[in-house]
Every structure is written in structure tokens, then in C-alpha cells.
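>>> this one's structure only:
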């Protein structure tokens, strides 16, 4: 077992999204590889923990991987899976182009199918339908049926007369599902058809009056429409379960993969007999059928098959192996935990195993992990470190105390480093207070403690609480030394609140403060727009120096140009005009205006309003007019 993965895990959760190596690793991803095993879980954690304003950047990175010729097929697939979760209409032009891709069409279509309220998604399906091969047209037609827009009928109708029987049937089924007057007339005017047959048959099956058993059996055994067939199966089962079982075996053996999946799911929901049959014959099923069985066990909560899944796990491989793990996470008990944890110790790089351990709803899991990480149940350092990852992800009551124990100076170096990463990922305010104590005590890991405190503070996102509990008591105490105050002040941008900013402002506006120079530097790293107010106040102060003016110009330029600092055109222009009006020199004013050289159309339009008072200045007017007209 390696000691490294946990340390890497703590790092990857908080790595800056813009770092190219993460996305480069994704582009090179290959299923089952061992060189970069954590990249999928890494990006998943980035998505889960990212600020909403960062989602657009993540979406762009995923789109770049998809469009890149150098990306692997597995990388493109994983990127599409992530896009299905976070993608917006901006991604649809790229996604729609893949509807004709043999290996990526299904994932692309799922994205478009899930966005039923998106006009762009619907139009992309209509546009790409005639461009793709017949085998892929079938999927697009089914997706258009899910969108249920009658305007799709004209695009589907031509395929009713296709020589490809499967495509023609798919077109017919889709039009029947969409319905409407035009759908009816379109099919009637066609040739593989009675446009109302499915509707009549459904009406017959739905009737509460007596219905002929043979008619129901006929519908079940002969219908080409999957949804009608499933409806007939349920009705037959309700009327005569033994006959339903006989018919099922015959229908199942002759059905396509797609229909078998629907039959498996329905049968397992109806009767334990079918459940036992599919579990006992699991090894003889196709991969698609196996996945359907596992999904049904998980979704239906069939915990009685826990031991069966555990016995299947050692010999399973690839996607089936992971899906068994996911099913155990859903239905498993203590036996599943013991099996999964043993597998985790042997393969702590498999994100499926780690995920499953975090999902088991068993008090024993938390008790076990707390005992291992704390050292109460084992003295093996490698076991303790390995257990930190699932403990961090579960983060049960009691974790905070153990994290504090891990970072204590009495612990060995490798445990302390693992503890710092654990606090970054799952620590609370009490852990932050402990980190602050280590920092001001000049601990040997002072620098690591500073980094961990800043990361934990940003993740916790309770700046006011952290200011009052962790930072202010030290920074405002008369007993704290200058060195101790400086040690905390260098990470104060981790809690960018009004009160922490006021503390910086107090130091900056006091020429005699020994913390003034450091406070100016920290203001230059402030991640929020309100730092601009302090820069302007510094510029207008009677005690400000030329060096202060340079620092203020750098700080204001950063706020006005950096996308991550509240990219709001009106607020930026308001700040700019105040800075220009109070600027100490003409050069200062011009430098502020230059911040808007690459502005978008919206910002240029707003300049006409905000910069209107400045047009009377003969030196500034030409610059402003150029900015407004610059394309």
C-alpha cells in the first residue's frame, strides 16, 4: 500500500482549475491505466467544490479536450459525462457535432436529451438527423420523441418509408409517442402501418374491464413497440403470473439488447422469481444485461443479494467490477464494508471503491475509520494514512478532533503532513484555530500550516466566524509579537470579509504601523472588488507616497482587468471614474482608462454613460472615444 495517494488527494481537491496539468492528464486518460489513476475523481472533486462562477472555465476546458485531436477516446467520453452534469447551451454546438461519431454519439445524445427545455438542443437534433448514418438516426429519433415537440414530426416522417425496417419502426414509434393531428395524418399518408394501432392497444390494456388473456399475451409476445410490450407484460403478470413467466422466457430470448434491458428491469421489479433467476445466471448474461441487473438491484434496494454480489466481485473486471462496487455501496451492510475496505487496501487508487466506502450508510464504517486514523485500533502508519481519504470524504462527527491530533507536533512527519491535507479537505473552524496556534508558535511546519489554513478557510467560506475566532484574537492582541501577527497577516486574503479588510485598511492608513508594508502587499492580493475602496482612500490620503500611488494603481488595475474579481461592467466603471476623478496625476488617469482597451460590446455601451462627465477633459476625451468605438 502506498502512502502517497492521500497526500495527492488533498492537493488535487484544491488545485487551481486553470493549471494545465489537470486537463492535460484528462486529455491523455485511458481506462484502466495506472499512471494517472485519480484524474477522474480529481476533476469530480473540482466540480463539486468549485465556485459557481468557475463552472464556465471548467466547461471550456472540457470542450477543449473533446475538440482536441490529441485527446484519447476515453478522455472525450469522460468529458462528455462531466458536461452532462455541468454543461450549458454553450457546449451544444460541440456536442451536436458528435451525434454522427460512432463511439461518442450515445453520450452526446444523452446530453441533448436531458435538456428538453433547451431550444438549442432540440434544433441541434433536427439539424444533425439527416447527416448521420441510419444506425445513429434511430437514437436521434428516439431523443426527439423524448422532447415531445410536434414540430419534429416533419423531420421524422420521411423515415417511416425507409427500407431499413428498424429505422422505419423507430420513426413510427416516435411519431406515435409525439402524437398530435399532424402526426396522425402524416403516418396515415405513409405506407411497415395503422397510425392509431399502438394507441388503441394501449387503451385496451389500460381498461379496467375484463380483458382476454390471450389478447394480452399476443400483445406481449408480438409487439414491436417496447413500451407497449412492457405494458402488456405487466398486465399479463397481473392476470396470470405463470403464463407471464413462460411468455417472458420466449420473448426475452428473441429480444434485442435494448428491449432486454427494459424487460429485465420490469421483471425484477415485479417478482422475486425473476430477481433470483437473473442473479443466479449472472455470469451467462451479456455485459449490457449484467449492468441492467446491477442497476435494478441498486435502485430497488435488494439488499438480500449482497452476498451474491460480494462473491462476484473478485472475478469481475472493468465496468462490471465498478458497477458491482456501486451496487454494494447502495445496498451493502457490514459484510460489504469489510469486502470493500479490503479491496481499498489492495487498490487505493480505484475511485469507485473509495466512493462506495463513503456512501455506505453504516455507523460501523465511521467508527472503524475513526479508530484506524486515530491509531486506537492499529499502529500501522500506512493503514492510518490510507484510511484518512475515506474518513475525509465521510467526515463524521469526531473527525475534527482526530485531525487536530494528526497535526500535533508530537506526531511523526508523515502523519502530520497527511493531517494538514485532511484539514484542507474537511477541517472545521476548530481545526483552523489549531493551525493558527501552530503558525504563531513557529512550528517546524509553519509554512505548511499557513497554506492549509488559507485553503481550509476558503473552503469553509465562513469568513466572519473565522475572523473572530482565529485571526482577530491574535492580530488584535497586545501580547502577540510582530512576527506572530505577520505570520497570520500573510494569509488574511483567505477570509476576505469587510472586517478583515477594515483591519488591513487601519494598518495601511497608519504610516507608523509596523504592519503597513505587509498590509499594502496583502491588499494587492485581495480577491474581492471592495479592495478598490481602500486603494482610492490611500491615493487621496495626505500621507500617501509615490510608492503608495504605484501600489494603488497596480491594485486598481488588477481589480479592473481580472475576470475572477467580480466581472461586473457597471461596478468596474463606477470604480474607474472615481479613481480617475481622484487620481494624483494625468498618467494615473490614463492608466486606469487603458484597463478597458479590450472591453466587450456591453462594457463599451456602458462607457458612454459612466464616462460622460470625463469627456469635457481635452486630454481624456480622445482616449475615451477610442475606447467606445474600438472594435
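Happy to help now that I have it. Owing to the predicted nature of the structure, the values given are computational and were not obtained by experimental measurement.
>>> Need the contact partners of stretch 541-561.
Outside of stretch 541-561, the residues within contact range by Cβ atoms under 8 Å, 6 or more residues apart in numbering are 509, 511, 520, 523-524, 526, 529, 531-532, 535-536, 538-539, 565, 572, 575-576, 579, 584-585, 588, 591-592, 595-596. All C-beta spots, glycine's among them, are computed from the backbone N, C-alpha and C.
>>> so what does the strand or helix carrying residue 42 touch, helix or strand wise?
Per DSSP states H and E, residue 42 falls inside helix 39-49. On a contact count with 3 or more Cβ pairs under 8 Å, 6 or more residues apart in numbering; DSSP states H and E, helix 39-49 meets helix 4-13, helix 20-27, helix 55-67, helix 73-86, helix 351-359.
>>> Tell me which helix or strand comes right after the last one.
In this case it means helix 351-359. Later in the chain than helix 351-359, the nearest helix or strand by DSSP H and E is helix 363-374.
>>> That following helix: what's the following helix or strand?
Downstream of helix 363-374, the next assigned helix or strand under DSSP H and E is helix 381-394.
>>> where does that next one sit relative to the chain's centre, distance-wise?
Centre-to-centre, helix 381-394 and its host chain are 23 Å apart (Cα atoms, centre = their mean, to the nearest Å).
>>> Name the residues that touch whatever helix or strand comes next after that helix?
Note on helix 381-394: by DSSP H and E, the next helix or strand toward the C-terminus is helix 399-406. Here helix 399-406 makes contact (Cβ under 8 Å, 6+ apart) with 370, 373-374, 388, 391-392, 411, 415-416, 418-419, 422-423, 426-428, 430-431, 434.
>>> What's the separation between residue 371 and residue 365?
From residue 371 over to residue 365 the distance is 11 Å, taken as Cβ to Cβ, to the nearest Å.
>>> Oh, that last question was meant for residue 149, not what I typed.
47 Å.
>>> on that earlier part again, can you check which of the helices and strands packed on helix 39-49 gets nearest to residue 628?
For the helices and strands packed on helix 39-49, the distance to residue 628 is smallest for helix 55-67, at 26.6 Å, taking Cβ to Cβ.
>>> tally of neighbours for residue 366?
Using other Cβ atoms under 10 Å, residue 366 has 18 neighbouring residues.
>>> For it, which non-adjacent residue is spatially closest?
Once flanking residues are discounted, residue 366 sits nearest to residue 396: 3.8 Å by Cβ to Cβ, 6 or more residues apart in numbering.
>>> OK, contacts around the one you found?
Counted by Cβ under 8 Å, 6+ apart, residue 396 has contacts 366, 369-370.
>>> Torsion angles phi and psi at it?
Backbone torsions for residue 396, taken as degrees, to the nearest 10, come to phi -80, psi 170.
>>> quick one: the host helix or strand of residue 437 to helix 399-406, angle?
Per DSSP H and E, residue 437 falls inside helix 429-440. Here helix 429-440 points in a direction 20 degrees away from that of helix 399-406 (axes from the mean of the first three to the mean of the last three Cα atoms, to 10 degrees).
>>> Remind me what helix 429-440 packs against, helices and strands.
In terms of contacts (3+ Cβ pairs under 8 Å, 6+ apart), helix 429-440 is packed against helix 399-406, helix 413-426, helix 446-460, helix 463-466, helix 482-489.
>>> that older thread, if you count surrounding residues, which of residue 149 and residue 365 has more?
Taking other Cβ under 10 Å, residue 149 and residue 365 do not tie; residue 365 has more neighbours (23 against 16).
>>> Retrieve the pLDDT associated with the more buried one.
For residue 365, the pLDDT comes out at 93.
>>> quick one: it and residue 337 touch, right?
Yes. Assessed by Cβ atoms under 8 Å, residue 365 is found in contact with residue 337 at 5.3 Å.
>>> between the two, what contacts are shared?
residue 357.
>>> What ranges does the stretch 51-200 of the chain have for its helices?
Assigned by DSSP state H, counting those that start in this stretch, the helices in the stretch 51-200 of the chain fall at 55-67, 73-86, 92-96, 105-114, 119-128, 134-147, 153-156, 165-178, 181-188, 197-206.
>>> Ranked by average pLDDT, which of those helices falls at the bottom?
Of all these, the minimum mean pLDDT falls on helix 181-188 (a mean of 51).
>>> so the residue nearest to residue 570 when sequence neighbours are not counted is in which element?
Nearest residue to residue 570, sequence neighbours excluded (Cβ to Cβ, 6+ apart): residue 606, at 6.0 Å. Assigned by DSSP H and E, residue 606 belongs to helix 601-610.
>>> Please give the centre-to-centre distance between the next helix or strand after that helix and its chain.
Downstream of helix 601-610, the next assigned helix or strand under DSSP H and E is helix 621-629. Relative to the centre of its chain, helix 621-629 is centred 42 Å away, using Cα atoms, centre = their mean.
>>> quick check: mean pLDDT across helix 621-629?
Across helix 621-629, pLDDT averages out at 91.
>>> Which strands and helices lie in contact with that helix?
Partner elements for helix 621-629 (3+ Cβ pairs under 8 Å, 6+ apart): helix 586-594, helix 601-610.
>>> Just list the residues touching residue 227, thanks.
Applying Cβ under 8 Å, 6+ apart to residue 227 gives the contacts residue 177.
>>> likewise the one 3 residues further on?
Shown here is residue 230, whose contacts under the criterion Cβ under 8 Å, 6+ apart are 262-263, 266.
>>> Just the element for it, please.
Following DSSP H and E, one finds residue 230 within helix 226-239.
>>> try residue 216
Using DSSP H and E, residue 216 sits in helix 213-222.
>>> Let me know the angle separating that helix from helix 226-239.
Note on geometry: by the same axes, to 10 degrees, helix 213-222 and helix 226-239 are set 140 degrees apart in direction.
>>> Measure how far helix 213-222 is from the centre of its chain, please.
On Cα atoms, centre = their mean, the centre of helix 213-222 falls 45 Å from the chain's centre.
>>> Mind giving me the packing neighbours of that helix?
Identification of packing neighbours for helix 213-222 by 3+ Cβ pairs under 8 Å, 6+ apart yields helix 197-206, helix 226-239, helix 241-254.
>>> buried stuff in that helix?
By 16 or more other Cβ atoms under 10 Å, the buried positions in helix 213-222 come out as 216-217, 219-221.
>>> any idea of the mean pLDDT in it?
For helix 213-222, mean pLDDT is 87.
>>> Please list the outside residues in contact with that helix.
Helix 213-222 is touched from outside by 201, 204-205, 228-229, 232-233, 235-236, 239-240, 243-244, 247, 250-251, with contacts defined as Cβ under 8 Å, 6+ apart.
>>> sorry, back to before: of the contacts of stretch 541-561, buried ones?
509, 520, 523, 526, 529, 531-532, 535-536, 538-539, 565, 572, 575-576, 579, 588, 591-592, 595-596.
>>> Grab the nearest non-local neighbour of residue 296.
residue 268 (4.3 Å).
>>> Just name whatever secondary elements the helix or strand where the one you found lies is in contact with.
Here residue 268 sits within helix 257-270, counting by DSSP H and E. In terms of contacts (3+ Cβ pairs under 8 Å, 6+ apart), helix 257-270 is packed against helix 226-239, helix 241-254, helix 272-280, helix 287-299.
>>> how about TSV for the ones you listed, with mean pLDDT and distance to residue 453 added?
Converted to TSV, the helices and strands packed on helix 257-270 look like this (pLDDT from 0 to 100; distance: least, Cβ to Cβ, whole Å):
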stretch	mean pLDDT	distance to residue 453
helix 226-239	90	57
helix 241-254	93	60
helix 272-280	96	51
helix 287-299	94	40
